[in-house]
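S.K.: Build the 3D model from these lines:
(one chain, ligands or ions: 1)
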Amino acid sequence: MLLLGFPECLPQARQLAQALNCRFGEVEVHRFPDGESLVTLPTPLEDTVVFFRSLHEPNTKLVELLLAFAAARANGCKRIILIAPYLGYMRQDIAFKPGQAVSQRIIGEWLSQQVDDLITVDPHLHRIQHLEEAFPHCRSIATSAAPLLGAFVKSRGLDGVLVGPDDESRQWVEQVAVACGLDYVIASKERLGDREVRVTLPACDYRGRDAILVDDVISSGRTMVETAQQLLARGAANISALCTHALFAPGAREVMANAGIGNIWSSNSIADAIGDAIPDESSCIDLTPLLAAAVIRLGQV
Ligand code: R5P
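M.R.: Residues are numbered from 1 along each chain as shown. Model prediction:
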């Protein structure tokens, strides 16, 4: 088995190859001045090739994966496993307005025809229960970082109430609560726009309590900001945020800091967040053991 990492995620990919005790290589990506990509794989390959790439800011990455998969098959690879710790395009799971493309279904159909196996972490499944409904043509494993997030909270000896900002977050908040033993509440959320949400907290005495906001994804940060503001207005003390995928759209960190969110902790699913030299602790929860276990479940090691 050969595990290949893309340029932006080499440390995580190499670490996973080490954990699996398998050969590691780098996919070379050259971007031409006009924006096209040239993808080169390190030959010779092996019968099974594992590609490691998180799919945030996914458009270019998806095209490069398409090129990489085709090059792998052309060079003798018989089985392709894609490890995408973060899977983009999962949130648009229905047409909210006539004429809208249902991205989850379209990307899932296409990607699952390219690979034999797919491994991901906390995919945003809202109106479907299982990943194979979105990825019908390959075997898929959706694993969850929530127990690791909970273990992190416990290892730090953190106290307070866990707060899920919307009903979709319940699945992650409950698992975090089991792992760390803290109480939790689930708020409700109405999305008014890309960067505008309205959050309503359930009745509870938040006065003087620390709160840890828990979600799968932080994108614009507005969900966290709005929830933090509601909590502070009701007398909560220190607010922190915990998530699997810290996408951090431009400005997200700033609005969260300005809203009084002191700590942001996440898994290292988003590669760029590791190398950006921001002196905080985001990306501190390592997914390597989770991903290695998933590969072993596929029977490849
Ligand atoms: C959607 O429901 C997700 O679980 C997150 O709550 C959402 O993606 C966060 O987005 P933002 O940070 O832009 O509010």
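S.K.: what about the strands in the stretch 101-250 of the chain?
M.R.: Counting by DSSP state E, counting those that start in this stretch, one finds strands in the stretch 101-250 of the chain at the ranges 117-121, 139-143, 161-164, 184-186, 188-193, 196-200, 211-218, 239-246.
S.K.: Nearest to P289, out of those?
M.R.: strand 139-143 (10.5 Å; CB to CB). In this view, the C-beta of every residue, glycine as well, is placed from N, C-alpha and C.
S.K.: Direction included, what does that closest one pair up with?
M.R.: strand 117-121 (parallel) (DSSP bridges).
S.K.: what is the orientation angle of the partner strand with strand 239-246?
M.R.: Relative orientation of strand 117-121 versus strand 239-246 (axes from the mean of the first three to the mean of the last three CA atoms, to 10 degrees): 170 degrees.
S.K.: Show me which residues of strand 117-121 are buried.
M.R.: Buried residues in strand 117-121, counted by 16 or more other CB atoms under 10 Å: D117, L118, I119, T120, V121.
S.K.: The second one reaches T143, doesn't it?
M.R.: Which is L118. No - using CB atoms under 8 Å, L118 is not in contact with T143; the gap is 11.2 Å.
S.K.: The strands of the stretch 101-250 of the chain into JSON lines, with extra columns for mean pLDDT and distance to L62?
M.R.: As requested, the strands of the stretch 101-250 of the chain are exported to JSON lines (pLDDT from 0 to 100; distance: least, CB to CB, whole Å):
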{"stretch": "strand 117-121", "mean pLDDT": "98", "distance to L62": "13"}
{"stretch": "strand 139-143", "mean pLDDT": "96", "distance to L62": "17"}
{"stretch": "strand 161-164", "mean pLDDT": "98", "distance to L62": "30"}
{"stretch": "strand 184-186", "mean pLDDT": "98", "distance to L62": "33"}
{"stretch": "strand 188-193", "mean pLDDT": "94", "distance to L62": "25"}
{"stretch": "strand 196-200", "mean pLDDT": "95", "distance to L62": "27"}
{"stretch": "strand 211-218", "mean pLDDT": "97", "distance to L62": "18"}
{"stretch": "strand 239-246", "mean pLDDT": "97", "distance to L62": "17"}
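S.K.: Out of these, which gets nearest to E226?
M.R.: Of these, the one closest to E226 (CB to CB) turns out to be strand 196-200, at 4.5 Å.
S.K.: what separates the residue of the stretch 51-200 of the chain found nearest the ligand from I239, distance-wise?
M.R.: Using CB to the nearest ligand atom, the single residue of the stretch 51-200 of the chain nearest to the ligand is E168, 5.0 Å away. According to CB to CB, to the nearest Å, E168 and I239 sit 20 Å apart.
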